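> What follows is a predicted protein model with its sequence.
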Number of protein chains: 2
Amino acid sequence: MRVLVVEDELRLAETLVEILKENGYTADMAADGDYGLDCAMSGIYDVIILDVMLPKRDGFHVVSDMRKNKNQTPVLLLTARDEIADKVHGLDCGADDYLTKPFAPEELLARVRALSRRQGEVVLEELTFGDLSLRLSASALCRGEKSVHLGLKEMEVMRLLMNNPGQVITKESLLLKIWGTESDAEDNNVEVYISFLRKKLQFLGSRVSIGTVRKLGYHLEDTV
Amino acid sequence: MRVLVVEDELRLAETLVEILKENGYTADMAADGDYGLDCAMSGIYDVIILDVMLPKRDGFHVVSDMRKNKNQTPVLLLTARDEIADKVHGLDCGADDYLTKPFAPEELLARVRALSRRQGEVVLEELTFGDLSLRLSASALCRGEKSVHLGLKEMEVMRLLMNNPGQVITKESLLLKIWGTESDAEDNNVEVYISFLRKKLQFLGSRVSIGTVRKLGYHLEDTV
DNA sequence: GAAAATCCTTAAATTTCTCTGAAAGGGAAA
DNA sequence: TTTCCCTTTCAGAGAAATTTAAGGATTTTC
């Protein structure tokens, strides 16, 4: 269960992350609205905790941009003021719930749980590209009758690639989104997993392959 | 079968819980409307017994908030007054049935049974998967002539797996739904019960097995 | 065309997760 | 109280996923 915390006050952000981690979540941070939106759009998060007041792009805009781009990740809005107007505006922009600062950790956790559950059951069960389908819940990659099991990391790499069909994804982006900011994984880790995936694609005999764009990253190719 | 009792009068709440437990239900308590709503939204309950008069948020609001948030858990409303207006209002808010205080335990149980049946979950007397059948009332797992007795926890784990045939169920979800939020059971508890069940499946010589999906959970497999 | 940078592949090493037996703990019934 | 059954706890073995490391392949740069 992966949560994104978009918050510019470093101390608060770290507190949030800590609370989340202590309760079994994986949590990443973004300190401004632009970077927050980028991360949010990756589609790898189960819940996004979003402050309203942010540098570069405020929380309202971040949600509404996410929704405009068809990203349905549940968003929990953090607001300093307990104003109905803010709440209404937030929900209108597409947020799913909101929480007024300050708050008890329990309340935060309860709301995150509620959001992740609500969505969790509707979350895409299956992603497809070319002749491939990625069965999220079974963590299997299938082509026709054949299917192979994927480990968690393999899954996430594949999911990211299939979520942005054809688009080039940089290694940095994969590292950041899958290994997180705190990991000391290197480019080679990504390369290794790409290699694993290629082997499995070959085993499946899929039309789809993972193409390399030197110095840039990887993307899915459907060799029709 | 898990029931949530939302009631602020401690004595009544405890009586209710006791009656329920004596009749094979698992029951949790919430003493005010806000907390009740939180619990209700968790989606782990089969029936919710809800007093109308509550601190913080009255019963009507709790149901209507639940329904607004797409939670369809059956709700039995408890009201002190026998007024048609209340009944109508309650049902309008999304409650499924109502009961006037005071009431006989038998009546309570009858209504709880009715509600838990009504909901799509359908309290089947017998669940089947592959060559297995799970006899709920006899708490036995059978295959052909052979059968083994299951303890309560074993039953519930098996029931959850058989209710979602083939689907992967996370350990987290099993813990939440069977052990509840307040328990400090750990992943290992689930693992132990899975192990117990596997042993019994083997004893029965069933085609069915419980598959592990690492880092995700378990699912039933029918090895045809 | 060679050197440098980047990427690929594989195998071993490491870490993490899971399984399961044994034993202790708890509660209800006898 | 004692007994019995269910449940939890613990710990080590086992399995699987992930990381590390190193040499080979490929492309870019000069």
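Great, that's in hand. For clarity, every value in this text was computed on a predicted model and none was experimentally measured.

> quick one, what contacts A:Arg113?
A:Arg113 makes contact with B:Ser42, according to C-beta atoms under 8 Å, 6 or more residues apart in numbering or on different chains. The C-beta positions use only the backbone N, C-alpha and C, and glycine is treated the same way.

> ok, the residue nearest to A:Gly43 when sequence neighbours are not counted to A:Leu50 distance?
Nearest residue to A:Gly43, sequence neighbours excluded (C-beta to C-beta, 6 or more residues apart in numbering or on different chains): A:Asn163, at 4.6 Å. Distance of A:Asn163 to A:Leu50, computed by C-beta to C-beta, to the nearest Å: 20 Å.

> Please say which of the two ends up with more neighbours.
A:Leu50 (29 against 18; other C-beta atoms under 10 Å in any protein chain shown).

> near DNA strand D, which residues of chain A?
Within reach of DNA strand D by C-beta under 7 Å from any atom of the strand, chain A has these residues: A:149, A:151-154, A:179, A:183-186, A:188-189, A:192-193, A:214.

> do that again at 10 Å, thanks
A:139, A:149-157, A:175, A:178-180, A:183-193, A:195-196, A:212-215 (C-beta under 10 Å from any atom of the strand).

> and chain B, which of the residues you listed reach it?
Counting by C-beta under 8 Å from any C-beta of the partner chain, A:Ser139, A:His149, A:Gly151, A:Leu152 from those sit close to chain B.

> Check what pLDDT the second one gets.
This means A:His149. pLDDT recorded at A:His149 is 91.

> And the strands in chain A?
Remark: strands assigned in chain A by DSSP state E are A:2-6, A:26-30, A:47-51, A:75-79, A:97-100, A:126-129, A:132-135, A:140-143, A:146-149, A:169-170, A:208-213, A:217-222.

> Report the distance from the first one to the chain centre.
In this view, strand A:2-6 has its centroid 8 Å away from the chain centroid, taken as C-alpha atoms, centre = their mean, to the nearest Å.

> same thing with the fifth one?
Strand A:97-100 has its average C-alpha position 21 Å from the chain's average C-alpha position, going by C-alpha atoms, centre = their mean.

> CA-only coordinates of that strand in PDB, if you can.
The C-alpha coordinates for strand A:97-100 follow below in PDB (Å, rounded to 0.1, in the frame of the first residue of the first chain):
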ATOM      1  CA  ASP A  97     -12.100  13.400   1.600                       C
ATOM      2  CA  TYR A  98     -10.500  16.200   3.600                       C
ATOM      3  CA  LEU A  99      -8.900  16.600   6.900                       C
ATOM      4  CA  THR A 100      -8.300  19.800   8.900                       C
END
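
> where does chain A have low pLDDT?
A:22-24, A:81-88, A:104-107, A:114, A:117-125, A:224 (pLDDT under 70).

> middle-most residue in it, spatially?
Geometric centre of chain A, nearest residue: A:Ile44, 1.9 Å, by C-alpha atoms, centre = their mean.

> Chain A against DNA strand C: which residues are in contact?
A:152, A:170-171, A:187-199, A:202, A:210-218.

> Out of those, list just those in helices.
Among the residues of chain A next to DNA strand C, the members falling in helices (DSSP state H) are A:152, A:171, A:187-199, A:202.

> Just the buried ones among the residues you listed, please.
Among these, those classed as buried by 16 or more other C-beta atoms under 10 Å in any protein chain shown are A:Lys171, A:Asn189, A:Val190, A:Tyr193, A:Ile194, A:Phe196, A:Leu197.

> Which member of those is positioned nearest A:Asp92?
Set against A:Asp92, the nearest of those by C-beta to C-beta is A:Lys171 (38.0 Å).

> before we move on, back to that, pick the most buried one from the strands of chain A.
Of these, the one with the most neighbours on average (mean count of other C-beta atoms under 10 Å in any protein chain shown) is strand A:47-51, at a mean of 28.

> Parallel or antiparallel, list what pairs with that one.
strand A:2-6 (parallel), strand A:75-79 (parallel) (DSSP bridges).

> and the gap between whichever residue of chain A sits closest to DNA strand D and B:Asp65?
Taking C-beta to the nearest atom of the strand, DNA strand D has its nearest neighbour within chain A at A:Gly151, 2.8 Å off. Using C-beta to C-beta, A:Gly151 is found at 40 Å from B:Asp65.
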